[in-house]
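Asks: With the input below, show me the fold.
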Amino acid sequence: MTDTRLIRNFSIVAHVDHGKSTLADRLLELTLTVEKRQMKEQLLDDMELERERGITIKARAVAMRYKAADGQTYLFNLIDTPGHVDFNYEVQKSLQACEGALLLVDASQGVEAQTVVNALLAEQAQLAVVPVLNKIDLPHARPEQVATEVEDALCIPAEDAIAISAKTGVNCEQVLEAIVALVPPPVGNPDNKLQALIFDAAYDDYRGVVIYMRVKEGTIRKGDSVRTVAAGKAYEVLEIGRLAPRMVAENVLHAGEVGYLICNIKQLEDVKIGDTVTHEKEALRAPALAGFKDPKPMVFCGFYPTNTADFDDLRKSLEKLRINDSSFSFEPETSDALGFGFRCGFLGLLHMEVIQQRLEREQDMDLVQTAPNVTYRVVLTDGTEKEVRSPSEMPDPARIESYREPIVEVRIVVPTEHIGAVMKLATDRRGIYEKTDYYGSQRVMLTFAMPFSEIIFDFHDRLKSATRGFATMDYELRGFEDADLVKVRILVSTNEVDALSFLCHRTVADTRGRKILQKLRTEIPRHLFEVALQAAVGGKIIARENIRALSKNVTAKCYGGDITRKRKLLEKQKKGKKRMKQVGNVEIPQAAFLSVLSTGDD
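Replies: Numbers count the residues shown, from 1 in each chain. The predicted structure follows:
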């Protein structure tokens, strides 16, 4: 048993691409956890998508042993966290399992939007925060100014911030010594009733669900009968152990330690991230740990299999992803245009993109994806409030008293010369300016209250374009406010396509409807008859585009002769086209559904 005074549980929090995975690699090397021949870049990012895009998507845990300068050997448990705003719930659960956090800031980029948010999350979890300045080997690094930015933005004393280069390994030994000195040991008692926090889980085809947990109180042994508090299911412990970084079996885990648990759990929905594991015997049961809540998806879209026979395969694939990603949700739905599929909920646009790519790569699924939309609320005439996650769920307009849309607090960190461009972009998207915070003399953080629906329509891309790539943004849901919303129906040959309909503010309905029709006109192939594309609000058509029919020259075979012969052929063709227009089906490719995404202002 490791003395709890010699255990340090910590995580690394940072903005995307500030070198978090590289620092984790150096710590694994310095503690000799991984042999030199097994070492590779981004060792903890084992998903192909993570390595390709250079981002951490899944939280990972690893145990390391370090002999410090005081002669003691310490057990370090590093719980790796994602950096992007869309994986906020993963970060919160990981921080709950720690006593300290390394706040990593790029010495060339400085404090960015997600740095501020992650630092606040660490402070809310009452962790010891150790500031670390990375990438000091770059020629344009400015550690002194960035240390000042950390003090101004986060109120963390930064005169002792450790300046390192995770890539070259400069000063990384100092980080390990700082963890020993500044991160407090865990306070759990091995003799108390068992309380273990589930901070992650993964599905194994042969062994069922593998739970990653932090033992807060008590002791867990192989062969124990345990119970998950929120799910209320009992299991026998078949195997427990540490992650180093591969699974190493142990017989017992005590308070303060981090490890994995295998109980032959086959039902994926039985494991909830943030749940508490305790003993099954009633006399030994402990209450649930505080802080468990189901994550609330904010962006919704439909996933449909291209071949309807793949519906069951898609369900199984989504269930596997659900256990690896607790903030992702799905439920079956049907569409007149696309058949049977699933309505999926995500925390944000990157989250949606990652899930879609994982389905296509890891599960080999062929998908049609509808355009994303946010959750709205409608107050009905009888006073009840209803959540609306897709336009098809919208009640009859006669029963609706008022509409409410989600409002987010958007924080944008930007160099001072780009303030005007950001102000214009935000106010064009119905943003309300709130405040400006200065970090040193070169950078500011602008705060706006904006409708969430305006952010999911390519706002981030336009922000990067307007500021030449220097701006970073982060958002947080604030609540719902009354708004003048309308449902815009898209009609193709007078048939409503529910997958293309959308909700938006009345002031932008005309322009957005017109832009979508223009986009659809280029995406839908020409047919042998004219195809009418229309956008309608209620019974009123607000925009129209036509896709011209493919023309065939039926008079080509008539050379010379009477004009009536040509007229007769043209009349026959006209009748045929009219009949085809009544009974013909219009094929809509997937590109047309995705074109709704990129319809922001040019």
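Asks: for the most centrally placed residue in the chain, phi and psi?
Replies: In the chain, the residue lying closest to the centroid (C-alpha atoms, centre = their mean) is residue 351, at 2.7 Å. The phi and psi torsions at residue 351 (degrees, to the nearest 10) take the values phi -60, psi -40.
Asks: same thing with residue 172?
Replies: Taking degrees, to the nearest 10 as the convention, residue 172 sits at phi -70, psi -30.
Asks: Tell me how many other residues crowd the closest residue to it other than its chain neighbours.
Replies: Nearest residue to residue 172, sequence neighbours excluded (C-beta to C-beta, 6 or more residues apart in numbering): residue 26, at 4.5 Å. In this view, the C-beta of every residue, glycine as well, is placed from N, C-alpha and C. Residue 26: 21 surrounding residues under other C-beta atoms under 10 Å.
Asks: And residue 108, by the same measure?
Replies: 18.
Asks: cool, residue 528 as well?
Replies: So residue 528, with other C-beta under 10 Å, has 13 neighbours.
Asks: Which SSE is immediately downstream of the helix or strand of the chain with the lowest mean pLDDT?
Replies: Comparing helices and strands within the chain by mean pLDDT, DSSP states H and E singles out helix 48-53 as the least confident, with a mean of 46. Going down the chain from helix 48-53, the next helix or strand is strand 60-67, by DSSP states H and E.
Asks: buried ones in that following strand?
Replies: Judged by neighbour count (16 or more other C-beta atoms under 10 Å), strand 60-67 contains these buried residues: 60, 61, 62, 63, 64, 66.
Asks: Send me the next helix or strand after that strand as CSV with only the CA atoms.
Replies: Of the helices and strands lying after strand 60-67 in sequence (DSSP H and E), the nearest is strand 73-80. Written as CSV, here are the backbone C-alpha positions of strand 73-80 (Å, rounded to 0.1, in the frame of the first residue of the first chain):
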residue,chain,number,x,y,z
THR,A,73,9.5,7.9,-4.2
TYR,A,74,6.1,9.4,-5.1
LEU,A,75,3.1,7.9,-7.0
PHE,A,76,1.9,10.5,-9.6
ASN,A,77,-1.5,9.9,-11.2
LEU,A,78,-1.9,12.1,-14.2
ILE,A,79,-5.4,12.4,-15.5
ASP,A,80,-5.2,13.9,-19.0
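Asks: helices or strands next to strand 73-80 in the packing?
Replies: strand 7-14, helix 20-30, strand 60-67, helix 172-182 (3 or more C-beta pairs under 8 Å, 6 or more residues apart in numbering; DSSP states H and E).
Asks: rerun that using 7 Å as the cut-off
Replies: Where contact means 3 or more C-beta pairs under 7 Å, 6 or more residues apart in numbering; DSSP states H and E, strand 73-80 is packed against strand 7-14, helix 20-30, strand 60-67.
Asks: Could you work out which of these reaches nearest to residue 104?
Replies: Shortest distance between residue 104 and the helices and strands packed on strand 73-80, using C-beta to C-beta, is found for strand 7-14: 3.8 Å.
Asks: What lies in contact with that closest one?
Replies: 20, 23-24, 74-81, 83, 91, 94-95, 97-104, 115, 118, 122, 179-180, 183, 185-186, 214, 256-258 (C-beta atoms under 7 Å, 6 or more residues apart in numbering).
Asks: number of nearby residues for residue 185?
Replies: 18.
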